[in-house]
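K.L.:
Let me see the structure of the following:
(chains A and B)
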There are 2 protein chains.
Amino acid sequence: MAKKKTNEPKTLKPEIAVGVLGSGSFATAIVKMLVENSKTVHWCVRNEFVKGAIELRHHNPTYLTSVSFAPKSIKVTTDINELVSQCEIIVLATPSIYLSDQMEKMTCEYRDKIFVSAIKGIVPKANDVVAHYLRDNFEIGFRNQAVIAGPCHAEEVAMERLSYLTIATVEDEVSEKLCQLFSSSFIKVEPSKDILGNEYSAILKNIYAIGAGIAGGLGYGDNFTAVFVSNAIREMEIFLEAIYEAPRDVNESAYLGDLLVTAYSLFSRNRNLGNLIGKGYTVKSAIQSMNMIAEGYYAADSIYRTSKEKGMKTPIIDTIYGILYEEKNAEKQFKKLTAKLT
Amino acid sequence: MAKKKTNEPKTLKPEIAVGVLGSGSFATAIVKMLVENSKTVHWCVRNEFVKGAIELRHHNPTYLTSVSFAPKSIKVTTDINELVSQCEIIVLATPSIYLSDQMEKMTCEYRDKIFVSAIKGIVPKANDVVAHYLRDNFEIGFRNQAVIAGPCHAEEVAMERLSYLTIATVEDEVSEKLCQLFSSSFIKVEPSKDILGNEYSAILKNIYAIGAGIAGGLGYGDNFTAVFVSNAIREMEIFLEAIYEAPRDVNESAYLGDLLVTAYSLFSRNRNLGNLIGKGYTVKSAIQSMNMIAEGYYAADSIYRTSKEKGMKTPIIDTIYGILYEEKNAEKQFKKLTAKLT
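P.N.:
Below is the predicted model of the structure:
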C-alpha cells in the first residue's frame, strides 16, 4: 500500500490569481516574492516603455535590475482594469503620490477583490492613509483590505536574504491566502489584524528615519541615534494608540523592526534624505538629488497635522516637520529636541 | 542693590569626592566625564606602568589615547584602599573578570561609601551580577549602590558626542549627587530606580549583540537584523520581568537604546566577536583575535543557566549559548532560530 502523503505539494493548491500595481523597487520585489508560488503573476506597470523593457529583457529596466523573471511567470500590462479584472488579489505598490492617478482609472467591477497595500505613505489627494482612501473613495471596506508591513528593503529581497513580512487583515481566509502567496524560502509571513496600526507605523517610521539621518548628518553619533530611536518607538506607540487603540506590542517586527531597518540601514532613502539635510543641503536640493521618492517627506505634513488635531505630544514629528516644511534650521531644532529626549 | 543670583555657578556646589576603578576604555571615558564637574578625580588603575604613563603623558597609554587630562584634574593610584578611603563615591569600571581581584584587596572602611557599577558584566567568581556580588560578599546594600546604564560607547564620549546615561539608584540624595557629577555639555543623565533591571539589561544586550554579529557574519541582511533585534528586546523584557518585576518600559534608552547601540554600532566589540564567529572563526580564535574583552561571552554562560533555572523561554540566549559553549554550528543554529522568531 502506498504511503499516505501528509504534505500536499504546493502546486496542487488552487491557484490564486494575484497581481501587482507599480513598477518601483518594492513592487518589483513583491513580484519576485509572488512568482515563487504562482504560475503567473499579473503586473501593471506605469507605461509602455517599462512594459516593453520587461518583456524584452525579463527584468525591470530601472529598479532591481538584477532580478530576472521567466517570461511565462509574469503577465505585464499598463491597464489597471486588465489587472483588476483578472485578479482576485491586487497588491498596491506604487509610490503613494501616484496611487490616485491609477485608482481613478478603474472602471471594472472590483468590489469582491482584495486590495493589499504595500505603499507605506499618505495619499496626497485624500491627505489620509491608503486604508481610509480606499474605504472612503472606492467603498472598499476593511474586510477587502490588507496591509503589508515589516522590515523589508527591496534590495535584500532581490538578493533572497531572509525577510519577515507582517500581513494585516481582518478576515482569516484572506490571511491564509496571503500567507500561501507570499511564504517562501526567503520570506516568512506573520499574520496580524491591526490594519491601521501597521499602516501608520510603516508611515511614521519613514519620518523617524529622516530624523535619524538628520542627526547623523549633523554629526551626532551612535550613542545619540540609539536614544533617538528609543524615543521614536515610544512616540510611535503614543501616536498609534491615539489613532486606533488595539492590543498591540510595538516591539513586534512590523513596528519596531521596520523602524530599525529604516533608521539604521544604508538602503534607506528616507535616512539618506535626512542625512543630506543634516549636512546642510536645503530640503529642496536634497529631494532633487535623490532619484527615488522619500515617502517620509510627504507623510510628515499630514502626520504632523493629525498629531496637532488630536493634541498628541510628538516632539520628534514636530521637529522634523519644522525642518522640512517651515525652513527651520536643523542644527538649532535638534539642539532643542535633545532636551526633550530621555 | 545687587541683582539676585538665581543660578549658582557649578563650582560653588560642595565638591563630592569621586573616584574611578579601572583603566580600560569605559573607565577612561568615565574619568573624562567626571573631570568636567570635579576639581580632582581619583583614579585607581591596574598597575604602575599605566599610572606612570598617565602621569607622564596625561593620557591613558592604551585606551582612548586621544583624551588628555590636565595634571591637576586627576590623582592616579594603583591602590584600591587609597581610592576608596579618599572618596565618597566610587565608580567600578573594570572588566567584570577583574573586579573581584580588586575588591578583595579592600581593607579600609567602605560601608558608608556609594559604589556605582559601570561594569555591564557577570562577576565570574560569584556567577552573579555586580549588585548581588557587592551585597552578598561585602554587605554593600542596594541603598549604597548605583548602576550606570544607557547607550554609551566610550569612543564617542572621547569625541564629546552627546550621550545619555541612565543612573539607577534607590536613594534620591544619591541620585542627585550622581546627576551633578555626570551631567555636562555632552552627557545627559536620566534617573531610574531599577538597579537590577538596568544591570541585567546591560549584560543581556551584549549577548544579543554577539547574536547580531553572528547573523551579519553568516550573511543575513539588514531586514533580518531588524527582526532579530525586535525579538531580542521582547526576550529581554521576559527575562527582566522574571528576574525582578518592576514598572519599567523596556523601550527607554537604558534598555532598548543600549541594545541598539551595541547591536548596530561598529564600535561594539561584542558584535565584532559574533561577526567573526559567523564568518567561520572558532569561538576561541575569535576571542584571541580581539584585544578587548567581549563581556557577552562570559555573560552568556551565567545568563543561560539563570534562564534555565527559572524556566524562561529564551530561544535567542539558548542559541548563542549553544554556539559559544557547546561548539554547535552557528549556521545550523541560526537556521533553527529563524523558525522561532516572529
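K.L.:
Contacts only, for the spatially most central residue of chain A.
P.N.:
Most central in chain A under CA atoms, centre = their mean is residue A:120, positioned 3.4 Å from the mean C-alpha point. Residue A:120 is in contact with A:96, A:149, A:199, A:202, A:203, A:206, A:295, counting by CB atoms under 8 Å, 6 or more residues apart in numbering or on different chains. From N, CA and C alone the C-beta is placed, and that goes for glycine too.
K.L.:
likewise residue A:210?
P.N.:
A:270, A:271, A:273, A:274, A:277, A:294, A:296, A:297, A:300, A:320, A:324.
K.L.:
Helices of the stretch 101-250 of chain A, residue ranges please.
P.N.:
Using DSSP state H, counting those that start in this stretch, the helices of the stretch 101-250 of chain A run over A:130-138, A:154-158, A:172-182, A:195-218, A:222-243.
K.L.:
which parts of the stretch 101-250 of chain A sit against chain B?
P.N.:
A:150-153, A:156-157, A:159, A:161-164, A:188, A:190, A:219-227, A:229-231, A:233-234, A:237, A:249-250 (CB under 8 Å from any CB of the partner chain).
K.L.:
hmm, who's touching stretch A:92-110?
P.N.:
A:20-22, A:24, A:26-27, A:30, A:44, A:46, A:80-81, A:84-85, A:115-126, A:130, A:133-134, A:137-138, A:140, A:293, A:295, A:298-299.
K.L.:
go again using 6 Å as the cut-off
P.N.:
A:20-22, A:26-27, A:30, A:80-81, A:84-85, A:117-119, A:121-125, A:293 (CB atoms under 6 Å, 6 or more residues apart in numbering or on different chains).
K.L.:
Pick the most deeply packed of the helices of the stretch 101-250 of chain A.
P.N.:
Most buried of the helices of the stretch 101-250 of chain A, by mean neighbour count (mean count of other CB atoms under 10 Å in any protein chain shown): helix A:195-218, with a mean of 27.
K.L.:
ok so, going back, the residue nearest to the centre of chain A and residue B:30, how far apart?
P.N.:
Computed as CB to CB, to the nearest Å, the residue A:120 to residue B:30 distance reads 42 Å.
K.L.:
what's the answer for residue A:285, then?
P.N.:
Where residue B:30 is concerned, residue A:285 sits at a distance of 42 Å (CB to CB).
K.L.:
Between these two, which has more neighbouring residues?
P.N.:
More crowded of residue A:285 and residue B:30, by other CB atoms under 10 Å in any protein chain shown: residue B:30, with 29 against 11.
K.L.:
Verify the contact between that one and residue B:21 for me.
P.N.:
No: contact status for residue B:30 versus residue B:21: not in contact, 9.8 Å apart, counting by CB atoms under 6 Å.
K.L.:
got any residues that touch both of the two?
P.N.:
Among the neighbours of residue B:30, none is also in contact with residue B:21 (CB under 6 Å, 6+ apart).
K.L.:
which residues touch stretch A:261-281?
P.N.:
Contacts of stretch A:261-281 (CB under 6 Å, 6+ apart): A:151, A:153, A:155, A:205-206, A:209-210, A:212-214, A:216-218, A:229, A:286, A:292, A:294, A:296, A:330, B:222-223, B:226, B:264.
K.L.:
how distant is it from the center of its chain?
P.N.:
Chain-centre distance of stretch A:261-281: 17 Å, with CA atoms, centre = their mean, to the nearest Å.
K.L.:
Please save the CA atoms from that stretch in CSV.
P.N.:
This file holds the C-alpha atoms of stretch A:261-281, laid out as CSV (Å, rounded to 0.1, in the frame of the first residue of the first chain):
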residue,chain,number,x,y,z
VAL,A,261,15.7,48.7,9.3
THR,A,262,14.7,52.2,8.0
ALA,A,263,16.6,54.2,10.6
TYR,A,264,19.7,52.1,10.5
SER,A,265,20.1,50.7,7.0
LEU,A,266,22.1,52.3,4.3
PHE,A,267,19.4,51.1,1.9
SER,A,268,17.0,53.6,3.4
ARG,A,269,16.2,56.5,1.2
ASN,A,270,14.5,58.4,4.0
ARG,A,271,17.5,58.2,6.2
ASN,A,272,19.6,59.3,3.2
LEU,A,273,17.4,62.3,2.6
GLY,A,274,17.7,63.3,6.3
ASN,A,275,21.5,62.9,6.1
LEU,A,276,21.8,65.3,3.3
ILE,A,277,19.6,67.9,5.1
GLY,A,278,21.8,67.4,8.3
LYS,A,279,24.9,68.0,6.2
GLY,A,280,23.5,71.4,5.2
TYR,A,281,21.6,70.8,1.9
